[in-house]
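A.B. asks: Sequence and computational prediction follow.
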Amino acid sequence: MRPYVLPAALIFLLLPGVSQADWLFTPSLGVTFGADATGNEHFTYGAAIGWMGAGVFGFEGDFSFTPEFFEGDDGFNLDGGSHVGTAMFNGILGIPMGGQHGGGFRPYVTAGVGMLQAEARSNNDLFEIDNTEFGINLGGGAIIFVSDHVGLRSDLRYVRSLEDPDDDNAFDVALGNFDYWRGTAGLTFRW
């Protein structure tokens, strides 16, 4: 047996109110827009997996990928490809209306931190960007449950990079120069 399986199982069993909680999985589709995506609005896809208690607090892991992020409709084309990907850990504050069984409605706000990866390159590698840095996201949305286990989720988030810390080894957190908005919708599966 792997050494981390038993501690992970114990943590899972000791989570408060697990029997009164919802695990949520949402694959989603959407679009990026605004800020650095202005004029370069592109299709994005991703997924979120999270936990919401019977109360208002929860958490989730949110992952997204936007191909051709830096390629616009103005004829600018990066034959080598471009994309932006995010992996964020978020806190959720949501109000359950209608309970945790059957139909219901849960509006929420969310915020978190994680990694933001941006890559763009020309076909001949003359031009290349490959950045992986910390980022933040904040937003909100709603989940409408149509049954015990299926719902519809709509979400709007602002995503922004954080600046690399200075070389003086001081703890320094500042907003970076790269940001955009992301709107998504998807099916939510609850168990």
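C.D. replies: All right, it came through fine. Numbering: from 1, shown residues only.

A.B. asks: and the residue nearest the centre of the chain, what are its bridge partners?
C.D. replies: Among the residues of the chain, residue 62 comes closest to the average C-alpha position under C-alpha atoms, centre = their mean, at 3.2 Å. Judged by DSSP bridges, the bridge partners of residue 62 are residue 48, residue 88.

A.B. asks: That one: what's it in contact with?
C.D. replies: Applying C-beta atoms under 8 Å, 6 or more residues apart in numbering to residue 62 gives the contacts 46, 47, 48, 86, 87, 88, 89, 90, 112, 114, 137. For the C-beta atoms, the positions are set from N, CA and C on the backbone; glycine is no exception.

A.B. asks: The same query, at a cut-off of 6 Å, please.
C.D. replies: Counting by C-beta atoms under 6 Å, 6 or more residues apart in numbering, residue 62 makes contact with 48, 88, 90.

A.B. asks: Kindly report the same for residue 36.
C.D. replies: Here residue 36 is in contact with 178, 179, 180 (C-beta under 6 Å, 6+ apart).

A.B. asks: before we move on, what about residue 114?
C.D. replies: Counting by C-beta under 6 Å, 6+ apart, residue 114 touches 87, 88, 89.

A.B. asks: which of those lies closest to residue 120?
C.D. replies: Nearest to residue 120 among the contacts of residue 114 is residue 87, at 18.8 Å by C-beta to C-beta.

A.B. asks: Check that closest one and give its pLDDT.
C.D. replies: In this model, residue 87 is scored at 97, pLDDT.

A.B. asks: residues in contact with it?
C.D. replies: The neighbourhood of residue 87, defined by C-beta under 6 Å, 6+ apart, consists of 63, 114, 115.

A.B. asks: Surely the first one touches residue 45?
C.D. replies: No - Residue 63 sits out of contact with residue 45 when judged by C-beta atoms under 6 Å, with a separation of 9.5 Å.

A.B. asks: Same list (the contacts of residue 87) but as JSON lines, adding distance to residue 132 and pLDDT.
C.D. replies: Formatted as JSON lines, the contacts of residue 87 follow (distance: C-beta to C-beta, whole Å; pLDDT from 0 to 100):
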{"residue": "63", "distance to residue 132": "14", "pLDDT": "97"}
{"residue": "114", "distance to residue 132": "11", "pLDDT": "97"}
{"residue": "115", "distance to residue 132": "6", "pLDDT": "96"}
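
A.B. asks: got CSV for those residues, with distance to residue 149 too?
C.D. replies: Converted to CSV, those look like this (distance: C-beta to C-beta, whole Å):
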residue, distance to residue 149
63, 22
114, 28
115, 31
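
A.B. asks: Relative to residue 52, which of those residues is nearest.
C.D. replies: Distance to residue 52 across the contacts of residue 87 (C-beta to C-beta) is lowest for residue 63, with 18.0 Å.
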